[in-house]
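Chemist: The sequence and its predicted three-dimensional model are supplied below.
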Amino acid sequence: MTTTHNSQQPVLVLGGTGKTGRRVAARLRDRGLPVRIGSRSSEIPFDWEDPSTWGASLDGTRAVYISYYPDLAAPGAPEAVRSLADAALDRGVRRLVLLSGRGEVEAQRAEQAVFDSGADVTVVRCAWFMQNFSEDFLRDAVLSGEVVLPGGDAHEPWVDVDDIADVAVAALTEDGHVGELYELTSPQLYTLTDVVAELGRATASEVRYIPVSVDDYVAAAADQGVPEELVGHLTYLFSEVFGHNAYTADGVQRALGRPARDFATFARDAARSGAWETPVEATA
Ligand SMILES: NC(=O)c1ccc[n+]([C@@H]2O[C@H](COP(=O)([O-])OP(=O)(O)OC[C@H]3O[C@@H](n4cnc5c(N)ncnc54)[C@H](OP(=O)(O)O)[C@@H]3O)[C@@H](O)[C@H]2O)c1
């Protein structure tokens with residue numbers, strides 16, 4: 001495909017130090033494209049909670065990868081991402097790629113709000129991330145050998161964040177993706193029993209799935225000092241989202257012309273790259 005731009009203006013990568021954003025940024029840099037990270041800790045700080053920071057981040061950029069924090073399903077998210085889109089358009093920045101989640105009413109409202117802005121929008125609507133097990137809140141569980149979750153025997157087509165980054169970068173840099181809504185999943189569905197089996201194989205250790213009720217999970221999280229807001233979000237995710245989207249989608253194939261990565265490949269590659277080598281204490 002041909003590139004849409006060839007200017008030296010940077011692409012603004014919001015959440016550019018997070019799981020998806022840092023991969024998007026790395027791929028853009030690999031293509032020789034200038035990148036500006038937008039997060040609270042970046043050189044030009046960007047804070048979703050302080051719109052006065054947005055202009056300086058957007059000024060002079062040519063496209064934006066929008067990873068909202070904490071979650072597009074959070075109250076106020078549709079309004080925030082729409083305001084961001086409007087602020088981008090005010091500065092002549094038309095190309096926007098929005099990271100979204102499947103089966104979340106507020107996230108789907110946020111997608112529509114960004115499409116309605118009139119910008120050149122691509123939405124990447126994603127299943128649950130495989131890298132939650134290697135780089136986020138489930139990593140310690142893998143290391144402890146016990147993944148305690150209120151997931152029952154529900155099926156989820158976990159998606160590899162590397163696929164998300166590949167699709168986002170294609171959408172940010174190539175023609176043919178404007179107006180598309182790419183739904184990204186792995187090629188198959190997995191129960192959590194399937195997932196821990198793959199993680200056990202990859203780490204050559206025993207990893208067990210221990211199903212619990214949502215109430216017990218939430219009570220344990222609260223006991224461990226997880227902030228109230230996050231506990232509320234976990235309740236929502238495991239009651240309303242997890243297992244409610246038990247179907248695969250072809251977004252990776254449509255966007256990139258290749259199949260999505262499966263869980264076994266993710267787990268093997270993550271283990272090879274040392275994802276589970278550092279002990280729990282050292283990553284806290
Ligand atoms: N995890 C999943 O399974 C899943 C599935 C579907 C969709 N999603 C969506 O993915 C998004 C998260 O993306 P991710 O997993 O790539 O990120 P992440 O790994 O959770 O990292 C969060 C990023 O956001 C930045 N950040 C935190 N608070 C911020 C604030 N107030 N203002 C600006 N930036 C802030 C962080 O940098 P600083 O600390 O420097 O600010 C960091 O770069 C959410 O919208 C979520 O809904 C997640």
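Modeler: Ah, there it is. In this text the structure is predicted, and so the values were computed from the model without any measurement.

Chemist: does the ligand sit close to stretch 20-33?
Modeler: Yes - using Cβ under 6 Å from any ligand atom, stretch 20-33 reaches the ligand at T20, G21. (Glycine included, C-beta is placed from N, CA and C.)

Chemist: for V123, helix, strand, or coil?
Modeler: Secondary structure assignment for V123 (DSSP: H, G, I helix; E, B strand; the rest coil): strand.

Chemist: got a pLDDT number for it?
Modeler: Reported pLDDT at V123 in the predicted model: 98.

Chemist: Quick check, it in contact with L181.
Modeler: Yes - counting by Cβ atoms under 8 Å, V123 touches L181, with 4.5 Å between them.

Chemist: list residues touching both of the two?
Modeler: E111 (Cβ atoms under 8 Å, 6 or more residues apart in numbering).

Chemist: And those two? Which one has more around it.
Modeler: V123 (26 against 15; other Cβ atoms under 10 Å).

Chemist: What separation is there between that one and A171?
Modeler: Relative to A171, V123 is positioned 9 Å away (Cβ to Cβ, to the nearest Å).

Chemist: With V231 instead?
Modeler: 34 Å.

Chemist: Compare these two (neighbour count), which wins?
Modeler: A171 (26 against 17).

Chemist: now that one: how far from W48?
Modeler: In this view, A171 and W48 are 21 Å apart by Cβ to Cβ.

Chemist: Any stretches of the protein with poor pLDDT?
Modeler: Low-confidence segments of the chain (pLDDT under 70): 1-7, 280-284.

Chemist: can you map out the strands along it?
Modeler: In the chain, the segments counted as strands under DSSP state E are 11-14, 35-38, 63-66, 95-101, 120-126, 146-149, 181-184, 208-211.

Chemist: between those, which one is nearest to R268?
Modeler: strand 146-149 (17.9 Å; Cβ to Cβ).

Chemist: hmm, who's touching that closest one?
Modeler: With contact meaning Cβ under 8 Å, 6+ apart, strand 146-149 is reached by 133, 138, 141, 192, 195-196, 199, 207-212, 217, 220, 238.

Chemist: Correct me if wrong: I66 contacts S100.
Modeler: No - in this structure, I66 is not within contact of S100 by Cβ under 8 Å, at 9.2 Å.

Chemist: now do the same end-to-end measure for stretch 177-194.
Modeler: Taking Cα to Cα, to the nearest Å, the first and last residues of stretch 177-194 lie 34 Å apart.

Chemist: chain center to it: distance?
Modeler: Chain-centre distance of stretch 177-194: 12 Å, with Cα atoms, centre = their mean, to the nearest Å.

Chemist: Ok, stretch 24-35 next?
Modeler: 18 Å.

Chemist: CA atoms only for it - export them in PDB, please.
Modeler: Extracted C-alpha coordinates of stretch 24-35, given in PDB (Å, rounded to 0.1, in the frame of the first residue of the first chain):
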ATOM      1  CA  VAL A  24       2.900   1.400  18.000                       C
ATOM      2  CA  ALA A  25       5.600   3.900  18.700                       C
ATOM      3  CA  ALA A  26       8.400   1.300  18.100                       C
ATOM      4  CA  ARG A  27       6.900   0.200  14.800                       C
ATOM      5  CA  LEU A  28       6.600   3.800  13.600                       C
ATOM      6  CA  ARG A  29      10.200   4.600  14.600                       C
ATOM      7  CA  ASP A  30      11.300   1.400  12.800                       C
ATOM      8  CA  ARG A  31       9.700   2.900   9.700                       C
ATOM      9  CA  GLY A  32      11.700   6.000  10.200                       C
ATOM     10  CA  LEU A  33       8.700   8.000  11.200                       C
ATOM     11  CA  PRO A  34       8.900  10.600  14.000                       C
ATOM     12  CA  VAL A  35       6.900   9.900  17.100                       C
END
